[in-house]
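Enquirer: I'll drop the sequence and a predicted model, then ask my questions.
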Amino acid sequence: MPWKERSVMDERLKFVARLLDGESMTDLCQEFGISRKTGYKILERYKDIGTGAFTDRSRRPIRLANQLPLQVEKYILNLKKEYPSWGARKIREKLIRKFPDIRTPAKSTIHAVLDRNGLVVPRGRVRRKAQGTDLSQSLNPNDLWCADYKGEFMLGNKQYCYPLTITDHASRYLLACDGLSTTKEQYAFTVFEKTFQEHGLPKAIRTDNGVPFASAHSLFNLSKLSVWWLRLGIEIERIQPGCPQQNGRHERMHLTLKKEATKPAGENFLQQQAKFDEFLEEYNTDRPHEALGMKYPSEIYKRSDRSYKGLQVIDYPLHDREIEVTSCGRICMGKMKINLSIVFKGQKLGLKEVSDGTWLVTFMNYDLGYFDTESCRFEPLHNPFGPKVLPMS
């Protein structure tokens, strides 16, 4: 231990030892040149963890947000295993008695801990979570589409162009290549809707974790665009951050697109889109692909048998309540306001009371998490839409 740290530790040890001998907190604080607040802080640390309190603590948070201390979570699991019939309410009462000095977790937090560890018995129906698509087996057209923005480039008029491209994974068919002035989601909605109307719906769409496909700060990193895909019955897949090779077929198409349709760039968006349209036609109908046995993508691709018919009504017949998410991303039950996520704005959710005052929140077939009527705090389950480890294409 460095001399300076040992010296500080010795001072704190002397301070606490003299306090325990009965000396006045006020007099000792004056002698050591510290405030009474600091003196009581040193004493409380000693009571909590003994002489370990005298070493300087890391400023890293003791626990992550929404993550219980390991000792508390272990106690919850042990109680549930010892008393299988106990719910979150009873366990919470035991926590209050066992750990009176810590902030007691909400019932929804306790219920989520039990659920993550397989200790919640489902009621009424078996809960279903997204399993995703076996991406290595996307052998048929429309099993999987890939989407991305090719890197932006400058047009002749000094405006930046952001090409949004969509391909069919199995056939390499280039479904769309639209030059946009921004990556904002409202423009992506238009491109995807046009593509769905022309080619039907895929089973799944694979993207990276950038906007507008994902949102870094929303629940499960969902975006309004990906929620729309889910509503249409399309599974979402995201590659691991920093691993573009997991969307390898699409990236190789981008290299060809850059070489043949952007150098030189068009003078304006109309000229550049004409270049993209010409490239799309040639790529699909006049370019042999070695990976396809020298066939053209158009000789393999066929329209999806799932036609685009817009959004269908969602029903939750096995839930206790149905509720629409407000414009600010909340669930409102009477005077209670539970923050969820703005990406679910206007979406209808199913609510089921799984124990007294604890509610399960479901979107379509995806169980999102729990909230309780006491704390009104939403506690998410494991992310069913997280990045998956995918094989290289």
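Expert: That came through fine.

Enquirer: can you pull out the helices in the stretch 1-150 of the chain?
Expert: For the stretch 1-150 of the chain, the helices defined by DSSP state H, counting those that start in this stretch occupy 3-20, 25-32, 36-49, 70-82, 88-98, 107-116.

Enquirer: Highest mean neighbour count out of those?
Expert: helix 107-116 (a mean of 24; mean count of other Cβ atoms under 10 Å). (Glycine included, C-beta is placed from N, CA and C.)

Enquirer: Point out the other helices and strands that that helix packs with.
Expert: helix 70-82, helix 88-98, strand 348-355, strand 358-363, strand 366-372, strand 378-380 (3 or more Cβ pairs under 8 Å, 6 or more residues apart in numbering; DSSP states H and E).

Enquirer: burial of residue 257, as a residue count?
Expert: 20 (other Cβ atoms under 10 Å).

Enquirer: Quick check: the gap between it and residue 356.
Expert: Residue 257 sits 58 Å away from residue 356, taking Cβ to Cβ, to the nearest Å as the criterion.

Enquirer: Specify the local secondary structure of the spatially most central residue of the chain.
Expert: Among the residues of the chain, residue 220 comes closest to the average C-alpha position under Cα atoms, centre = their mean, at 2.1 Å. In three-state terms, and counting by DSSP: H, G, I helix; E, B strand; the rest coil, residue 220 is helix.

Enquirer: isn't it right up against residue 381?
Expert: No - with contact defined as Cβ atoms under 8 Å, residue 220 does not reach residue 381; the gap is 9.3 Å.

Enquirer: what's the overlap in contacts for the two?
Expert: Common neighbours of residue 220 and residue 381 (criterion: Cβ atoms under 8 Å, 6 or more residues apart in numbering): residue 368.

Enquirer: For the spatially closest residue to residue 267 that is not a sequence neighbour, give me its contacts.
Expert: Distances taken as Cβ to Cβ, 6 or more residues apart in numbering put residue 156 closest to residue 267, at 3.7 Å, once the chain neighbours are dropped. By Cβ under 8 Å, 6+ apart, residue 156 lies in contact with 264, 265, 266, 267, 268, 271.

Enquirer: Tell me which two in those residues are the farthest apart.
Expert: Maximum pairwise distance among those (Cβ to Cβ): 12.9 Å, between 264 and 268.

Enquirer: Between these two, which is the more surrounded one?
Expert: Set side by side, residue 264 and residue 268 show more neighbours around residue 268, with 14 against 8, by other Cβ under 10 Å.

Enquirer: mind listing what the more buried one touches?
Expert: Counted by Cβ under 8 Å, 6+ apart, residue 268 has contacts 155, 156, 157, 159.

Enquirer: Please read off the pLDDT at it from the model.
Expert: On the pLDDT scale, residue 268 is placed at 92.
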